[in-house]
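[1] Output the structure for:
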Amino acid sequence: MTILVTGAAGFIGYHVSLRLLARGEQVLGIDNLNDYYSVELKKSRLDQLLSRHNGFQFCKVDFADTAALSNALQHHNIDRVIHLGAQAGVRYSLTNPHAYVSSNLIGHLNILEFCRHNDKLKHLVYASSSSVYGSNTKLPFAVEDRVDHPVSLYAATKKSDELMSEVYSHLYRVPQTGLRFFTVYGPWGRPDMALWLFTDAILKGEPIKVFNHGDMFRDFTFVDDIVSGIVACLDNPPPDDGQPKAGGSITPHRLYNIGNHRSEPLLRMIEVLEGALGRKAIREMHPMQPGDVKETYADISAIQGDLGYMPTTPIDVGVPKFVDWFLDYHGISR
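    Residues are numbered from 1 along each chain as shown. As a prediction, the model looks like this:
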């Protein structure tokens, strides 16, 4: 049988595919290779997967295109789905809202419909986001908290995905696990994320933009820890036993936070980055951006209790690993 990974050319999708292939799984990756960020970076990730692993197949398809998705999947024996593909980015949603409705709402619905009509399906694991916590002030964020006040369209679409999944688990008993990721970083990361932007600017001697005048905190989570959580969830579908699950559902649908369970000051991350690069940043202070939040902090007790998940990578270890990859990928000597 085959595991479907959507967004396989993306940052997390690439790493998840690597982990699954390393343990002998057959993986079908799909991605539309859009130009939200460097298509060449996405192709480089795919080259790594295709050149090193016979168990990986790739199909370029937009999962928001119902007919194209159906055609792409109809001849594959898929029993598990890891749905990571989405239109990412909080700030981009301010100027391109329709992209989020297409990918994150219609696309999620198409994946749900595929799973609903797949008699072999054992489990759908899908990506949500810590952004759903919006303007919540109680820290750390717990999956039991209400998430009724998003501050970006991106967050609103991710909460909508959770609600749609709840309906499909209720009506059609589709076993699902939704994962709220917290600030994922690491090798092969996204160019629109702060760590990449800061690293690139520091190496070029350009100023970095530090929002909210540096008074920001993030639960930075290294990608290997995220992948460990995803795979643990994949291997443990929620039972359809009528008992409450993480997040409160009595259907076979649960919600977990996956974070580092450590809210780090943004300025400390910058200091660790400066140390890894051996250069000081030129800091340009700015006010808070629309759609952003001051602090994120994951309560991971639910996934710890159910699956034994425990992140192991502090930023003092993870940030230098990203820097090493960044320099190597761009052919930059220290």
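[2] what's the distance between Arg279 and Ser333?
    From Arg279 across to Ser333, the span is 13 Å (Cβ to Cβ, to the nearest Å). In this view, the C-beta of every residue, glycine as well, is placed from N, C-alpha and C.
[3] Settle it for me: which of these two has more neighbours?
    Arg279 (14 against 5; other Cβ atoms under 10 Å).
[4] Quick check: phi and psi on Tyr185?
    phi -150, psi 170 (degrees, to the nearest 10).
[5] List the contacts of it.
    The contact partners of Tyr185, taken as Cβ atoms under 8 Å, 6 or more residues apart in numbering, are Met193, Leu195, Phe220, Thr221, Phe222, Val223, Gly318, Val319, Phe322.
[6] Then Leu46?
    Leu46 sits in contact with Ala8, Ala9, Tyr14, Gly29, Asp31, Phe58, where contact means Cβ under 8 Å, 6+ apart.
[7] looking at the residues you listed, which has the most residues close by?
    Gly29 (29 neighbours).
[8] Find the nearest non-adjacent residue to that residue, please.
    Among residues not flanking Gly29 along the chain, Ala8 sits closest, at 2.6 Å (Cβ to Cβ, 6 or more residues apart in numbering).
[9] give the contact list for that neighbour.
    Taking Cβ under 8 Å, 6+ apart as the test, what Ala8 contacts is Tyr14, Ser17, Val27, Gly29, Ile30, Asp31, Leu46, Leu49, Phe58, Leu84, Gly85.
[10] do that again at 7 Å, thanks
    Ala8 is in contact with Tyr14, Ser17, Gly29, Ile30, Asp31, Phe58, counting by Cβ atoms under 7 Å, 6 or more residues apart in numbering.
[11] Check the secondary structure at the first one for me.
    Tyr14 falls in the helix class when you classify it by DSSP: H, G, I helix; E, B strand; the rest coil.
[12] and what of Val167?
    helix.
[13] Quickly note the distance from it to Asn260.
    31 Å.
[14] Among the contacts of Leu46, name the ones in strands.
    Gly29, Asp31, Phe58 (DSSP state E).
[15] Quickly list what the second one is bridged to.
    Looking back up the chat, that one is Asp31. Asp31 has these beta-bridge partners by DSSP bridges: Lys60.
[16] ok, Pro287 - how many residues close by?
    If we define neighbours as other Cβ under 10 Å, then Pro287 has 8 of them.
[17] what's the distance between it and Lys294?
    Distance from Pro287 to Lys294, by Cβ to Cβ: 12 Å.
[18] same question, Asp241
    Distance from Asp241 to Lys294, by Cβ to Cβ: 39 Å.
[19] Look at these two and report which has more neighbours.
    Counted by other Cβ under 10 Å, Asp241 and Lys294 do not tie: Lys294 has more neighbours, with 14 against 9.
[20] For the more buried one, give me phi and psi.
    According to degrees, to the nearest 10, Lys294 has phi -70, psi -40.
[21] List the residues that contact it.
    Contacts of Lys294 (Cβ under 7 Å, 6+ apart): Asn212, Asp215, Met216, Phe217.
[22] out of everything not next to it in sequence, what's closest to Tyr126?
    Counting by Cβ to Cβ, 6+ apart, the residue nearest Tyr126 is His83, at 4.1 Å.
[23] returning to what we had before: export the contacts of Ala8 to TSV and tack on distance to His149?
    TSV is the format used below for the contacts of Ala8 (distance: Cβ to Cβ, whole Å):
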residue	distance to His149
Tyr14	33
Ser17	35
Gly29	35
Ile30	33
Asp31	32
Phe58	39
